[in-house]
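# Predicted structure and sequence below. I'll ask about it afterward.
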Amino acid sequence: MKTLLFTLEYPPQKGGVSNYYHNLVQNWPDSRIGVLTVPGAWNNTKEEKITRKKLLSSWLRPRWLPGFWHLAQRIRKSKYTHILVGQILPLGIVSYYLSFLMKFRYAVIIHGMDWTWALKKKRKRNMARKILNRADKIICGNTYVASLIKKELGVQQSLKIKVVNPGLSPVEPSQNKNIQKKIPRSL
């Protein structure tokens with residue numbers, strides 16, 4: 001099964017979600033995983049698995065239409081059969097609608113704030129439910145987020161929920177000494 005991570009956050013962009021996705025890709029059991037993410041100041045990396053495209057528009061409505069086009073092209077070109085959706089809104093909307101037109105399955109990864117923002121408005125809440133109901137898996141970054149989603153979706157859909165906690169990258173001995181110098185002795 002060829003898998004594609006479809007996300008707005010990926011290194012060298014900084015942040016916990018970005019690192020989470022990088023570690024997920026680095027430790028994925030199948031080497032046939034690709035990444036479709038956004039360009040930016042960090043676009044100088046030359047990794048063949050990563051495709052960087054403008055996924056959101058600042059002037060076009062709905063804003064996610066470029067992402068729809070780029071995801072469809074990437075699936076067609078590389079024959080991906082499974083998509084890991086990094087953000088329920090707006091990338092989950094793209095995957096939801098495109099999954100009716102093209103034959104692929106998708107899983108949604110939820111960290112916390114993305115779920116909180118999706119529940120703020122009734123329209124977004126309803127769309128988030130549709131996206132999660134159609135997803136084959138719901139991957140949560142921790143058990144607290146999993147419990148929130150279980151409350152919202154009910155017992156039947158909660159069987160799709162899997163918790164994948166963030167991991168740690170190994171630290172080289174030279175880095176370990178630098179870290180130890182920064183830790184106050186009182187700890």
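Structure's in. What do you need?
# would you list every one of the strands in this protein?
Here the chain has its strands, by DSSP state E, at 3-6, 33-37, 50-52, 82-85, 105-110, 137-140, 161-163.
# Including distance to Leu71, mean pLDDT and mean neighbour count, could these go into CSV?
In this view, the C-beta of every residue, glycine as well, is placed from N, C-alpha and C. Listed next are these as CSV, based on distance: least, C-beta to C-beta, whole Å; pLDDT from 0 to 100; neighbours: other C-beta atoms under 10 Å:
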stretch, distance to Leu71, mean pLDDT, mean neighbour count
strand 3-6, 6, 97, 24
strand 33-37, 6, 96, 22
strand 50-52, 10, 93, 17
strand 82-85, 7, 98, 23
strand 105-110, 10, 97, 23
strand 137-140, 18, 96, 21
strand 161-163, 23, 95, 15
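# With distance to Ile93 as added columns, please give these in TSV.
Listed next are the strands of the chain as TSV, based on distance: least, C-beta to C-beta, whole Å:
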stretch	distance to Ile93
strand 3-6	12
strand 33-37	15
strand 50-52	20
strand 82-85	10
strand 105-110	11
strand 137-140	16
strand 161-163	20
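# Please name whichever of those strands is nearest to Leu119.
Closest approach to Leu119 among these (C-beta to C-beta): strand 105-110, 11.3 Å.
# Just the CA atoms of that closest one, as PDB, please.
What follows is strand 105-110, C-alpha atoms only, in PDB (Å, rounded to 0.1, in the frame of the first residue of the first chain):
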ATOM      1  CA  ARG A 105      -8.700   5.500   1.700                       C
ATOM      2  CA  TYR A 106      -7.600   8.100   4.200                       C
ATOM      3  CA  ALA A 107      -6.800   8.400   7.900                       C
ATOM      4  CA  VAL A 108      -7.000  11.700   9.800                       C
ATOM      5  CA  ILE A 109      -4.400  12.700  12.300                       C
ATOM      6  CA  ILE A 110      -5.600  14.900  15.200                       C
END
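# on contacts alone, who are the packing partners of it?
Applying 3 or more C-beta pairs under 8 Å, 6 or more residues apart in numbering; DSSP states H and E, we find strand 105-110 packed against strand 82-85, helix 91-101, helix 122-134, strand 137-140.
# in the chain, which segments are predicted with low confidence?
In the predicted model, the chain carries pLDDT under 70 at residues 40-48, 168-187.
# list the contacts for Lys103?
Residues near Lys103 by C-beta atoms under 8 Å, 6 or more residues apart in numbering: Thr81.
# What backbone torsions are found at the spatially most central residue of the chain?
Most central in the chain under C-alpha atoms, centre = their mean is Gly86, positioned 1.6 Å from the mean C-alpha point. Backbone torsions for Gly86, taken as degrees, to the nearest 10, come to phi -80, psi -30.
# Perfect, I'm done here.
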